[in-house]
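K.L.:
Predicted model and sequence below, questions to follow.
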Amino acid sequence: MNFAYHHSDMKSSLLLFVTFSSIVGAVESLTEKSRSEMDEVWEAWKLKYHKSYDSVAEEKLGYKKWQENALKISLHNMRYDLGLETFKTELNTFADKTFEEFAATYLGNRKQLKTDSDSSPSSVNGNGDSSVGDDLPVTVDWRDKGYVTPVKNQYECGSCWAFSTTGGLEGQHFNATGNLVSLSEQQLVDCDQYCYGCAGGYVEQGYHYLRQHGSISEVNYPYTSKFGFNHTCNETGNTIAATMSRYVSLPKGNEDKLKEATANVGPISVAIDASGLFEFYKSGVYYSKWCDPQLPGPRSACSGLRGVPK
């Protein structure tokens with residue numbers, strides 16, 4: 001990164017000037033739009049995402065937040081087009097919320113508990129064998145290898161921790177059996193009494209629970225917490241679709257170990273800081289220079305890696 005900056009100070013200055021001009025232009029273009037044009041875009045967005053509001057005042061507030069987010073997204077994508085960002089954003093269903101509102105509903109990961117996981121081995125691959133850390137592939141995509149189920153939606157429930165838990169086990173169950181089964185997040189949301197359902201939870205505890213009880217398939221225990229409510233545990237009598245004997249916690253903050261595990265083991269459960277426009281992510285490699293590793297961000301499953309120039 002420093003080499004690129006010092007290699008061409010004139011080019012960097014030009015990019016900064018163009019970026020500044022783009023920001024000014026974006027602000028001016030938004031303020032010059034007619035009300036009817038903005039209303040048309042607003043109405044089309046509401047229709048696309050099935051948005052409705054309980055009062056005129058609530059809709060006005062939502063419209064204000066939507067405009068502010070539209071500007072952030074527009075500026076970010078301009079920076080992306082100029083090569084200043086590594087991922088692209090879009091005006092999606094969260095555009096009428098502040099980040100604080102988004103976080104309160106969807107970021108259900110809680111700080112790590114001390115559990116009885118196995119200590120991290122120095123090197124391990126999907127078959128449990130040793131691997132040389134320096135001899136890793138540049139690119140891995142476990143979706144292409146059959147380890148990853150289709151994208152799921154937690155809706156208005158802070159259950160990302162449960163989706164991350166099942167994502168990791170789904171991959172390892174496929175590795176062991178050759179059979180990809182979508183596992184039940186609702187089982188964890190309803191039944192793991194050491195977590196808080198839609199109010200958040202811990203992946204480590206989720207793994208501990210499934211190690212003791214086994215995991216039911218999503219077909220037999222479907223997701224029903226779309227509106228943020230837990231339900232009575234209903235796992236009794238259901239067939240167990242996948243089991244696990246152990247899980248491993250990687251060293252905190254060690255990206256080399258994460259890279260090695262992602263390359264060799266399969267999808268890995270991760271937590272990230274989502275304060276860098278993560279809620280509007282569309283494509284590319286998510287990166288934020290404002291990342292705070294102390295924040296308990298959303299849980300997901302890292303399903304591959306790609307070499308990115310530093």
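P.N.:
Happy to help now that I have it. Numbers count the residues shown, from 1 in each chain.

K.L.:
And the helices in the chain?
P.N.:
2-7, 9-32, 35-48, 56-81, 99-106, 160-177, 185-191, 203-213, 255-264 (DSSP state H).

K.L.:
Phi first, then psi, for residue 236.
P.N.:
phi -60, psi 130 (degrees, to the nearest 10).

K.L.:
Mind pulling up the pLDDT for it?
P.N.:
In this model, residue 236 is scored at 92, pLDDT.

K.L.:
And for it, the neighbour number?
P.N.:
When neighbours are defined as other Cβ atoms under 10 Å, residue 236 has 6 of them. Heads up, the C-betas are built off the backbone N, CA and C, glycines and all.

K.L.:
roughly how far apart are it and residue 187?
P.N.:
The gap separating residue 236 from residue 187 is 11 Å, by Cβ to Cβ, to the nearest Å.

K.L.:
Same check on residue 232?
P.N.:
Taken as Cβ to Cβ, the span from residue 232 to residue 187 is 12 Å.

K.L.:
Which one's more surrounded, those two?
P.N.:
Here residue 232 and residue 187 are compared on neighbour count by other Cβ under 10 Å; more neighbours surround residue 187, at 28 against 6.

K.L.:
Please give me every residue in contact with the more buried one.
P.N.:
215, 216, 221, 233, 235 (Cβ atoms under 8 Å, 6 or more residues apart in numbering).

K.L.:
isn't residue 240 right next to residue 216, touching?
P.N.:
Yes: counting by Cβ atoms under 8 Å, residue 216 is a contact partner of residue 240 at 6.4 Å.

K.L.:
Okay, now the unreliable bits of the stretch 151-300 of the chain?
P.N.:
Along the stretch 151-300 of the chain, the parts satisfying pLDDT under 70 run over 293-300.

K.L.:
Count the neighbours of residue 164 for me.
P.N.:
Neighbours of residue 164 using other Cβ under 10 Å come to 26.

K.L.:
got it, and the one 4 residues further on?
P.N.:
Number of residues near residue 168 (other Cβ under 10 Å) recorded here: 27.

K.L.:
Any figure for the gap between it and residue 254?
P.N.:
18 Å.

K.L.:
Over to residue 104?
P.N.:
30 Å.

K.L.:
For residue 302, give me the pLDDT.
P.N.:
At residue 302, pLDDT is 77.

K.L.:
Could you list the domains of this structure?
P.N.:
2-97, 139-306 (automatic domain parsing).

K.L.:
most packed of these?
P.N.:
Neighbour counts (mean count of other Cβ atoms under 10 Å) averaged over each of these peak at domain 139-306, with a mean of 18.

K.L.:
and the residue lying closest to residue 66 once chain neighbours are set aside, what is it in contact with?
P.N.:
For residue 66, ignoring the flanking residues on the chain, the nearest one in space by Cβ to Cβ, 6 or more residues apart in numbering is residue 96 at 4.6 Å. The contact partners of residue 96, by Cβ under 8 Å, 6+ apart, come to 51, 62, 63, 65, 66, 69.

K.L.:
rewinding a little: just send the helices of the chain back as TSV, with distance to residue 142 too.
P.N.:
Below are those laid out as TSV (distance: least, Cβ to Cβ, whole Å):
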stretch	distance to residue 142
helix 2-7	31
helix 9-32	35
helix 35-48	31
helix 56-81	26
helix 99-106	24
helix 160-177	6
helix 185-191	19
helix 203-213	18
helix 255-264	8
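
K.L.:
Let me know how buried residue 107 is, in neighbour terms.
P.N.:
Under the neighbour criterion other Cβ under 10 Å, residue 107 is assigned a count of 24.

K.L.:
is it true that it touches residue 274?
P.N.:
Yes: assessed by Cβ under 8 Å, residue 107 is found in contact with residue 274 at 6.2 Å.

K.L.:
shaky segments in the stretch 1-150 of the chain?
P.N.:
In the stretch 1-150 of the chain (pLDDT under 70), the answer is 1-34, 108-134.

K.L.:
The same query, at a cut-off of 90, please.
P.N.:
The stretch 1-150 of the chain contains residues with pLDDT under 90 at 1-39, 99-100, 102-139.

K.L.:
can you pull the contacts of the nearest residue to residue 221 once chain neighbours are set aside?
P.N.:
Excluding the flanking residues, the one nearest residue 221 by Cβ to Cβ, 6+ apart is residue 184, at 3.8 Å. By Cβ under 8 Å, 6+ apart, the contact set of residue 184 is 166, 215, 216, 217, 218, 220, 221, 222, 223.
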